[in-house]
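**Student:** sharing a sequence plus its predicted fold:
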Amino acid sequence: MPQPKYRKIAVIGYRSVGKSSLTIQFVEGQFVDSYDPTIENTFNKMVSVNCQDFNLQLVDTAGQDEYSIFPQSHSMDIHGYVLVYAVTSMKSFEVVQALHDKLLDMVGKIQVPTVLVGNKKDLHMERVIKPEEGKKLADSWGAAFMESSAKENETAVEVFKRIILEMEKADGNMPSEEKKCAVIPPTLPSLLRTGGTPTSPLTLPSSKSCVAFPFSGLHPNS
Ligand SMILES: Nc1nc2c(ncn2[C@@H]2O[C@H](COP(=O)(O)OP(=O)(O)OP(=O)(O)O)[C@@H](O)[C@H]2O)c(=O)[nH]1
C-alpha cells in the first residue's frame, strides 16, 4: 500500500443544509438531530479508496449566504470542495450557486475538484429541488453530483469518497476502470500459468486486504 495522501476538504453551503451532520455522520457514524450553528470545525479521518489511504482533514465551515464575504481561508490549501444545499430549500440552491462563483473568483481557477450535494433527500414531502436540477448545475460546473441524507451513513461516506475521486481525477490519477485491489492467493499463479479460471471471486487472505471503490455508478444521478 502506498504512503497515505494528505487531503484537505472544505464543506461549504448555506445555513442548516446539513454540512455538520454529513461530516459528523462520515467521521463518527452518527446523526446529530439537534441544530447548533457552526462557526468552524475541523475533523480528521483516515479512509482507503482504490487501495490508497487518504488522511483527510475536513473543514466544516460556517453557513454562508450570498452576501457573506467568502473567507480567504476557504481557498487556501484546500484540495477539494463539498458544496451542499438542501433539496428542501430553494434558497440554499440559489446560495450554493453564488458560493461556487465566489469560490472560483477566490481561487482564480475555472474549475476545482468539487462535489455538489443535495442533502436531506429523506424529506420527500418537503422536496423542492429535483435531482435533475442538481445534476444540471453540477454538469455546468464540471463537478460531480449526488444526493444524500445525513441520516444514512452510506450516503455520507459516498459524498467523501466521491470528492476523493474528484481530487484524484484532477491529479491525473483517475483509474480507467474500477480498480480491483486483491492480494493474489498462492494458488493463483499456477492457475494463471495453466490458463485456468477461478470459479469463485478472489478472497483477500491478507489482513491488509482492501476493496476498491468504484468511481462510477455511485448514485443514479451521478
Ligand atoms: N431529515 C434530515 N435532517 C437533516 C439532514 N441533515 C441535517 N439535518 C438536520 O438539519 C439541521 C441542520 O443541520 P446542520 O448539520 O447543523 O446544518 P449546517 O449546514 O451545518 O448548519 P450551519 O452550521 O448553520 O451552517 C439539524 O437539525 C439536522 O439534524 C438530513 O439529511 N435529513
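**Tutor:** Noted; the coordinates are in hand.
**Student:** okay, CA-based contacts and neighbour counts for the rest of this
**Tutor:** OK.
**Student:** any idea how far the ligand is from Lys8?
**Tutor:** Plainly put, Lys8 is 18 Å away from the ligand if you go by Cα to the nearest ligand atom, to the nearest Å.
**Student:** please, which helix or strand holds the nearest residue to that residue once chain neighbours are set aside?
**Tutor:** In space, not counting the residues next to it along the chain, Lys8 is nearest to Gln57; the distance is 4.7 Å by Cα to Cα, 6 or more residues apart in numbering. Assigned by DSSP states H and E, Gln57 belongs to strand 52-61.
**Student:** could you point out which element follows that strand?
**Tutor:** Moving toward the C-terminus from strand 52-61, the next helix or strand (DSSP H and E) is strand 80-86.
**Student:** what's whichever helix or strand comes after that next one in contact with?
**Tutor:** Next helix or strand after strand 80-86 toward the C-terminus (DSSP H and E): helix 90-107. By Cα atoms under 8 Å, 6 or more residues apart in numbering, the surrounding residues in contact with helix 90-107 are 13-15, 17, 64-66, 70, 72, 75-76, 83-87, 110-112, 128-129.
**Student:** chain center to helix 90-107: distance?
**Tutor:** Its chain's C-alpha centre and that of helix 90-107 lie 18 Å apart, by Cα atoms, centre = their mean, to the nearest Å.
**Student:** in that helix, what counts as buried?
**Tutor:** Residues of helix 90-107 classed as buried by neighbour count (16 or more other Cα atoms under 10 Å): 92-93, 95-97, 99-100, 102-103, 106.
**Student:** so what strands line up beside the following helix or strand past that helix?
**Tutor:** For helix 90-107, the following helix or strand on the C-terminal side (DSSP H and E) is strand 114-119. Taking DSSP bridges as the criterion, strand 114-119 pairs within the sheet with strand 80-86 (parallel), strand 144-147 (parallel).
**Student:** of the ones you listed, which approaches the ligand most closely?
**Tutor:** Distance to the ligand, taken as Cα to the nearest ligand atom, is lowest for strand 80-86 among these, at 7.8 Å.
**Student:** what angle separates the closest one from helix 90-107?
**Tutor:** 160 degrees (axes from the mean of the first three to the mean of the last three Cα atoms, to 10 degrees).
**Student:** any part of the strand or helix carrying Arg162 near the ligand?
**Tutor:** Arg162 belongs to helix 153-170 when assigned by DSSP H and E. No. Under the criterion of Cα under 6 Å from any ligand atom, the ligand is not reached by helix 153-170; the shortest gap measures 9.0 Å.
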